[in-house]
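K.L.:
Sequence first, then the predicted structure:
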Amino acid sequence: MSPRDDDKPPQLAGAAITRGVLFFAFWLAISGWKAADLPVGLAAVAGATWTSLALLPPQGAHIRLGALAALAASFFRGSVVSGFDVARRALRPELDLRPGFVTAPLRLPPGNARNAFSALASLMPGTLPVDMDERSLLIHGLDVEQPIAQDLAHEEALFMRALGDE
């Protein structure tokens, strides 16, 4: 028996608890809290947790909470700044746009982490990932003279640090 086999039951139990709590919170958010609905909600949470573990078994990722907080703060700040920039551009009498595509190199290897990062990048106002290859992400931006690739590299570094993938 290898050391990895010894870690599997606690890792699976921790993943099941974490996912179950997240699914329960999501269920409460979309359904509201009614005591009569609790048995259905718990059954849905159990089914979702079981399906989640069957389709995506835990792989031992160690999320760093401090780095995750730094990523969240950077994302929030970037969203607010970008949101105001997009609003400013949209409300000006003459459009201040230089739309186009920017290729941003990625350090994350292909897989779930890279896909999650691409989804996170799609939430930033003024930019939208439109294609991905083995080494880069193609971004459509409202102003390609902005440092889109550099900002994305900074966010990717924070994302990798949060996942413990430095």
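P.N.:
Structure received.
K.L.:
Now name the helix or strand holding residue 95.
P.N.:
Per DSSP states H and E, residue 95 falls between elements, in no helix or strand.
K.L.:
Excluding covalently adjacent residues, which one is nearest to it?
P.N.:
Once flanking residues are discounted, residue 95 sits nearest to residue 89: 6.9 Å by CB to CB, 6 or more residues apart in numbering. For glycine as for every other residue, the C-beta is placed from the backbone atoms N, C-alpha and C.
K.L.:
who's in contact with that neighbour?
P.N.:
By CB atoms under 8 Å, 6 or more residues apart in numbering, the residues touching residue 89 are 95-97, 142-143.
K.L.:
Just the closest of the residues you listed to residue 20, please.
P.N.:
Distance ranking of the contacts of residue 89 against residue 20, using CB to CB, places residue 142 first at 40.5 Å.
K.L.:
I'd like the distance between the closest residue to that closest one other than its chain neighbours and residue 83.
P.N.:
If the residues on either side of it in the chain are set aside, residue 142 comes closest to residue 126, at 4.6 Å by CB to CB, 6+ apart. Going from residue 126 to residue 83 by CB to CB, to the nearest Å gives 8 Å.
K.L.:
where in the chain is pLDDT low?
P.N.:
Within the chain, the segments meeting pLDDT under 70 span 1-10, 60-61, 166.
K.L.:
which helices and strands does the longest helix along it pack with?
P.N.:
Looking across the chain with DSSP state H, the single longest helix is helix 3-31. Counting by 3 or more CB pairs under 8 Å, 6 or more residues apart in numbering; DSSP states H and E, the packing neighbours recorded for helix 3-31 are helix 38-55.
K.L.:
Following element in sequence after the helix it packs on, please.
P.N.:
Next along from helix 38-55, by DSSP H and E: helix 65-91.
K.L.:
where's the residue nearest to residue 142 relative to residue 92, distance?
P.N.:
14 Å.
K.L.:
residues in contact with the residue nearest to residue 97 when sequence neighbours are not counted?
P.N.:
Nearest non-adjacent residue to residue 97, counting by CB to CB, 6+ apart: residue 142, 5.5 Å away. Counting by CB under 8 Å, 6+ apart, residue 142 touches 86, 89, 97-99, 126-127.
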